[in-house]
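>>> Sequence isn't available, so here's the structure alone:
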């Protein structure tokens with residue numbers, strides 16, 4: 001059976017003074033949460049029980065903490081953009097060393113990461129360097145020198161001690177890799193154009209995930225540098241600002257644009273609005289504790305939100321789907337139902353954007369079998385995707401796995417667009433194609449090409465499209481429209 005995990009949002013789990021403006025957030029091994037408050041130059045501590053000490057540590061005037069980490073002993077460090085320093089606060093909060101490490105004047109560290117040996121690394125946005133600080137506070141100012149104008153901001157360390165940075169310079173859109181000895185591979189990986197990758201995270205297999213705020217995607221980079229630009233696609237306008245990972249390798253993003261938190265499973269399946277925050281929050285930092293609870297630092301509202309994750313009192317033993325007589329038959333079996341309210345049937349034509357189709361009331365106790373049929377005669381597409389939103393009477397909910405159901409020849413897409421990803425040429429196969437439009441991530445039509453009921457055509461995009469995510473919109477002679485997302489490398 002599959003135990004289901006439900007999430008409960010506590011919008012204002014901790015409320016700071018107006019103007020505190022928390023940006024970075026971190027969690028220690030005991031579940032205490034720390035925020036670096038960019039506006040008030042303080043560090044706040046919130047215990048796992050939710051007890052807030054707002055001014056747990058006071059930093060220097062103008063410090064402007066941009067990043068925060070906790071070491072294995074519980075000491076807390078902030079990278080201070082305004083003073084180009086790293087501050088250290090002892091685990092009990094009694095000793096604050098303002099200038100524990102002094103970086104070059106004007107370095108302006110944005111990102112900071114810590115390795116298994118307790119060495120700190122800062123991404124210095126203004127002087128295009130990475131500094132290394134040992135546990136004894138020895139500073140190697142230019143441990144790694146990046147290209148002029150690189151402006152590194154995101155930084156992460158893998159299990160082998162390799163350091164990775166993202167560039168703020170949208171003309172380069174690169175990830176640099178620095179070996180433990182300090183050897184720099186400047187363009188180790190290339191992200192999509194206008195990526196604005198503010199944040200990086202590493203999984204236990206040393207895969208790198210970059211939150212691409214410019215294109216609303218999560219890019220995945222394998223240890224050998226192989227890059228999947230749109231490994232996960234978020235909603236238009238999401239603008240993922242920061243990224244975190246839990247013990248099960250689920251990825252979470254704090255989406256500054258639409259004030260949501262997205263959850264992406266290890267296979268890249270995304271729940272776009274896993275949680276929706278208040279419109280005034282502006283989530284800029286995100287962290288996950290050992291129990292899988294998720295926290296966001298909300299810069300505009302000066303609050304911390306907590307998403308509690310618990311086990312829903314329901315086991316989903318099986319969930320299957322198949323096509324029969326132009327209807328998709330969904331069958332699912334439960335065990336240990338307690339307080340279960342209902343199941344929402346959700347469908348998608350692209351595996352990303354789901355809509356509610358219907359609701360099936362739950363029996364609410366014991367083990368049960370359920371069945372639902374969805375009429376797909378008017379659904380155009382080769383595959384339909386289904387999931388269940390399982391809700392209990394307390395309002396907690398979770399999602400099932402996603403099923404893909406082949407709709408057969410009668411429902412296949414009229415058009416096929418390939419290759420995807422592409423670089424130079426785009427090919428279209430279909431029936432009676434009359435128009436092809438290519439639309440960029442901002443909704444602008446960058447190309448329109450008219451045809452007279454052709455079945456096959458090609459478009460040279462080598463000098464037309466920059467790297468990024470686009471939508472190809474195709475219209476046939478009957479006026480039917482189909483849209484397909486493509487990635488241009």
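Yep, that arrived. On a predicted model such as this, the values are computed, not experimentally measured, just so you know.
>>> any low-confidence regions in this structure?
Flagging of the chain using pLDDT under 70 yields the residue ranges 1-6, 170-171, 311-313, 351-352, 380-381, 408-414, 442.
>>> ok, longest strand in it?
If you go by DSSP state E, the chain has its longest strand at strand 303-324.
>>> And it, what does it pack against?
strand 2-15, strand 22-27, strand 270-276, strand 294-298, strand 327-338, strand 383-392, strand 403-406 (3 or more C-beta pairs under 8 Å, 6 or more residues apart in numbering; DSSP states H and E). (Glycine included, C-beta is placed from N, CA and C.)
>>> Let's see that with 6 Å instead.
strand 2-15, strand 294-298, strand 327-338, strand 403-406 (3 or more C-beta pairs under 6 Å, 6 or more residues apart in numbering; DSSP states H and E).
>>> Count the neighbours of residue 441 for me.
Neighbour count of residue 441, defined by other C-beta atoms under 10 Å: 19.
>>> now residue 187
Neighbour tally, residue 187, other C-beta under 10 Å: 14.
>>> repeat for the one 3 residues further on
When neighbours are counted by other C-beta under 10 Å, residue 190 registers 18.
>>> cool, and residue 292?
17.
>>> again, but for the one 4 residues further on
Burial measure for residue 296: 33 neighbouring residues, criterion other C-beta under 10 Å.
>>> ok so, going back, buried sites along the longest strand of the chain?
Across strand 303-324, burial judged by 16 or more other C-beta atoms under 10 Å covers 303-307, 309, 312-316, 319, 321, 323.
>>> Please identify the pairing partners of it and their relative orientation?
strand 2-15 (antiparallel), strand 294-298 (antiparallel), strand 327-338 (antiparallel) (DSSP bridges).
>>> Out of those strands, indicate the one that is most buried.
Ranked by mean neighbour count, the strands paired with strand 303-324 are led by strand 294-298 with a mean of 30 (mean count of other C-beta atoms under 10 Å).
>>> And the contacts of that strand?
Contacts with strand 294-298, where a contact means C-beta atoms under 6 Å, 6 or more residues apart in numbering, come from 22-23, 25, 33, 35, 252, 254, 281-288, 304-307.
>>> Mind putting the helices and strands packed on strand 303-324 into a markdown table with distance to residue 369?
Below are these laid out as a markdown table (distance: least, C-beta to C-beta, whole Å):
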| stretch | distance to residue 369 |
| --- | --- |
| strand 2-15 | 16 |
| strand 294-298 | 33 |
| strand 327-338 | 5 |
| strand 403-406 | 16 |
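>>> Out of those strands, the one nearest residue 244 is which?
strand 294-298 (7.2 Å; C-beta to C-beta).
>>> Between strand 270-276 and the closest one, find me the angle.
If you take axes from the mean of the first three to the mean of the last three C-alpha atoms, to 10 degrees, strand 294-298 sits at 70 degrees to strand 270-276.
>>> Please name whichever of the helices and strands packed on strand 303-324 is nearest to residue 44.
Here strand 2-15 is closest among those (C-beta to C-beta), at 7.3 Å.
>>> Secondary structure element for the spatially most central residue of the chain, which one?
Nearest residue to the geometric centre of the chain (C-alpha atoms, centre = their mean): residue 253, 3.4 Å. For residue 253, the host element (DSSP states H and E) is strand 251-255.
>>> What is that strand packed up against?
Checked by 3+ C-beta pairs under 6 Å, 6+ apart, strand 251-255 has strand 240-245, strand 260-264, strand 283-288 packed alongside it.
>>> Contacts for the first one next, please.
Looking back up the chat, that one is strand 240-245. So strand 240-245 is contacted by 198-199, 201, 203, 211, 213, 251-256, 284-288 (C-beta under 6 Å, 6+ apart).
>>> and if you look at the last one?
Judged by C-beta under 6 Å, 6+ apart, the contacts made with strand 283-288 from elsewhere in the structure are 23-27, 241-242, 244, 246, 252, 254, 277, 294-299.
>>> how big is the angle separating that strand from strand 303-324?
Using the same axes, to 10 degrees: strand 283-288 against strand 303-324 is 70 degrees.
>>> thinking again about what came up before, return the members of the contacts of strand 240-245 classed as buried.
Buried positions within the contacts of strand 240-245, assessed by neighbour count (16+ other C-beta under 10 Å), are 198-199, 201, 211, 213, 251-256, 284-288.
>>> What is the nearest of these to residue 328?
For these, the nearest to residue 328 is residue 251 (29.2 Å; C-beta to C-beta).
>>> Nearest residue to that closest one in space, ignoring adjacent ones along the chain?
residue 264 (4.2 Å; C-beta to C-beta, 6 or more residues apart in numbering).
>>> For that neighbour, which residues are in contact?
232, 251, 270.
>>> Show me which of those residues is closest to residue 161.
Checking the contacts of residue 264 one by one against residue 161 (C-beta to C-beta), the nearest turns out to be residue 251, at 22.3 Å.
>>> Who does the closest one form a beta bridge with?
Here residue 251, judged by DSSP bridges, has bridge partners residue 245, residue 264.
>>> Tell me which residues touch it, please.
Residues in contact with residue 251 (C-beta under 6 Å, 6+ apart) are 209, 245, 264.
>>> okay, those in a markdown table with distance to residue 7 next?
Shown next, in a markdown table, are the contacts of residue 251 (distance: C-beta to C-beta, whole Å):
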| residue | distance to residue 7 |
| --- | --- |
| 209 | 20 |
| 245 | 16 |
| 264 | 14 |
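>>> Hmm, residue 472 is touching residue 485, no?
No. Counting by C-beta atoms under 6 Å, residue 472 sits too far from residue 485 to count as a contact (7.8 Å).
>>> These two: who's more crowded?
Per other C-beta under 10 Å, whichever of residue 472 and residue 485 has more neighbours is residue 472, with 20 against 17.
>>> now for the helix or strand harbouring the more buried one, which elements pack on it?
Secondary structure from DSSP H and E places residue 472 in strand 468-476. Secondary-structure packing of strand 468-476 (3+ C-beta pairs under 6 Å, 6+ apart): strand 425-439, strand 481-488.
>>> Can you identify the element that follows the longest one toward the C-terminus?
Spelled out, it's strand 425-439. strand 445-460.
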